[in-house]
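Asks: Sequence plus predicted model, see below.
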Amino acid sequence: MRFCGVDVGHRLLYPAVLDVRERRLAMPRLALRPAEAVEWIEESAPLAIAIDSPARLNRGLLARARYRARHEIELKSGADRRVCEWRLGIGGCYSTRARLGDCQPWMRTGMDLFAAFEERGFDLDTGAGGSLFEIHPTYGFRSLVGIERRGLRVVWCRRLAPKRPAGSLGHLQRLGLLAALLRRWRVRLDCRAATSLDWTDAILGAALAALRAEGGTLSVDAPGDAEGAIVLAAFPLPGAEAVLRAVARGAGPAGPAKGVERGSQKAR
């Protein structure tokens, strides 16, 4: 049973596959160009693929006063984005626009990747389920610590430190959470995650895909419309607070004893 996560850059993709039956992670030696990544992922034969990118443009729902009133959406600014992004508090340059030319280059690469796998028979999840779906690493990691719902809005029980640069407190927090999550399947975290934020996010995507197959995720979507959805962990990771305390004390997850297997401008 294999599950794939992909971190998307403008020109390069970072795919990772979690095999829960063989209890291992697989990644190419280097980041791949899109056509190479599609071939590599196809050969891995995953059951589901989680991609760190929007799949499609926004449908203009937030710009419609009637839609906002129906769903009690209070919008002060930022109508040119998806409803799922408003629900999570995503805005600015990370908003998915209504026009392709207004989207970030890496988003356009991601949309092409979604289209390639749709052509290969994967079902796109825009809110109703499917084997091909979107994640957002920043919010995926936050959901491992815990979330709360206030109406349609999703808020965070605890924010993590910024993840950049590699090796920062925020990156170490994410490595600790990811190593703890992988222990669910008795899989050790590949050491490349400690040196690259891209591989960290790709592995998270594979883990969320496996967690989703077990019913452990939720989809933040647009009520009444198939505009798009972002998948999060539905429940806090057991021991998440202990992991964060250990990282704060300097007992980071980068060493083998913490479960690490030796061997872009985007910052979602």
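Replies: Arrived safely, thanks for sending.
Asks: Just checking the distance from the longest strand anywhere in the chain to the centre of its chain.
Replies: Using DSSP state E to define each element, the chain has its longest strand at strand 225-233. Distance of strand 225-233 from its chain centroid, counting by CA atoms, centre = their mean, to the nearest Å, is 11 Å.
Asks: Start at 12, not 1
Replies: Yes, from this point I'll number from 12; that puts the last item at strand 236-244.
Asks: which parts of that strand are buried?
Replies: The neighbour-count check on strand 236-244 (16 or more other CB atoms under 10 Å) flags 238-244 as buried. C-beta: built from backbone N, CA, C; applies to glycine.
Asks: what mean pLDDT would you report for it?
Replies: For strand 236-244, mean pLDDT is 97.
Asks: Name the residues of the following helix or strand past it that are buried.
Replies: Remark: after strand 236-244, the chain's next helix or strand is helix 251-259, criterion DSSP states H and E. The neighbour-count check on helix 251-259 (16+ other CB under 10 Å) flags 251, 254-255, 257-258 as buried.
Asks: same question, stretch 193-200
Replies: 193, 196, 198-200.
Asks: Show me what the longest strand of the chain is packed up against.
Replies: helix 94-99, strand 143-145, helix 148-156, helix 208-224, strand 228-233 (3 or more CB pairs under 8 Å, 6 or more residues apart in numbering; DSSP states H and E).
Asks: Regarding Pro39, what are the backbone dihedral angles?
Replies: Here is the backbone geometry of Pro39 (degrees, to the nearest 10): phi -70, psi 160.
Asks: residues in contact with it?
Replies: Applying CB atoms under 8 Å, 6 or more residues apart in numbering to Pro39 gives the contacts 26, 51.
Asks: same question, Gly181
Replies: Taking CB under 8 Å, 6+ apart as the criterion, Gly181 is in contact with 171-175.
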